[in-house]
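# need a structure here:
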Amino acid sequence: MSDSDRQSGKAAMVEALHVPRNATVGFAGALAVTAAVFALFVLPGTQRPMYLYLALAFVLTVSLGGLLTALLTVVSAVRLARADTPE
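Residues are numbered from 1 along each chain as shown. As a prediction, the model looks like this:
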C-alpha cells in the first residue's frame, strides 16, 4: 500500500475509528461474559452433552463480540464527529 492509500479510503477510516482495538476489547469482553455464564450456569450441573453447551458458548462469544465491537466503533465515530465539529 502506498502512502496516499493509507491517508484515504477504507484503511484511513478503520484507523480513525480504532476498529482493531475495538475488536480486541469487544471480543475480550465477550469471552469474559461467556466464561462467567458457563461457570455459573453450566458447570454446576449439566444433564445434556457438553458439546452442546460448548457450541452455545461459541455462538454467544462470537455474537456478543461482534455486537460489542460495533457499539465501541459507533462510540468512536461519535467522538470523532464531535471532535471535528466547531462549536
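# Name the spans of the chain whose pLDDT lies under the cut-off.
1-7, 85-87 (pLDDT under 70).
# how about the helices in it?
3-7, 10-16, 19-37, 50-84 (DSSP state H).
# what's the most buried one of those?
helix 19-37 (a mean of 15; mean count of other Cβ atoms under 10 Å). For the C-beta atoms, the positions are set from N, CA and C on the backbone; glycine is no exception.
# who touches that one?
Helix 19-37 has contacts (Cβ atoms under 8 Å, 6 or more residues apart in numbering) with 14, 57, 60-62, 64-73, 76.
# Check the offset of that helix from the chain's centre.
Helix 19-37 has its C-alpha centroid displaced from the chain centroid by 6 Å (Cα atoms, centre = their mean, to the nearest Å).
# for stretch 57-76, same thing?
4 Å.
# how about the helices of the chain in a markdown table, adding distance to residue 43?
A markdown table is the format used below for these (distance: least, Cβ to Cβ, whole Å):
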| stretch | distance to residue 43 |
| --- | --- |
| helix 3-7 | 47 |
| helix 10-16 | 38 |
| helix 19-37 | 10 |
| helix 50-84 | 9 |
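# ok, back up a step: can you tell me which of the contacts of helix 19-37 is nearest residue 48?
Nearest to residue 48 out of those is residue 57 (Cβ to Cβ; 13.2 Å).
# what residues are up against the closest one?
Contacts of residue 57 (Cβ under 8 Å, 6+ apart): 34, 37-38, 42.
# coming back round to it: and which of the contacts of helix 19-37 is nearest to residue 8?
The nearest member of the contacts of helix 19-37 to residue 8, counting by Cβ to Cβ, is residue 14 at 12.0 Å.
# Now do the closest one against residue 77, distance only.
12 Å (Cβ to Cβ, to the nearest Å).
# If you tally nearby residues, what's the number for residue 38?
The local packing of residue 38 (other Cβ atoms under 10 Å) involves 16 other residues.
# for it, what are its contacts?
Taking Cβ under 8 Å, 6+ apart, we find residue 38 in contact with 53, 57.
# and it, how far is that from residue 57?
Taken as Cβ to Cβ, the span from residue 38 to residue 57 is 5 Å.
# try residue 73
Here the criterion is Cβ to Cβ. By it, residue 73 lies 24 Å from residue 57.
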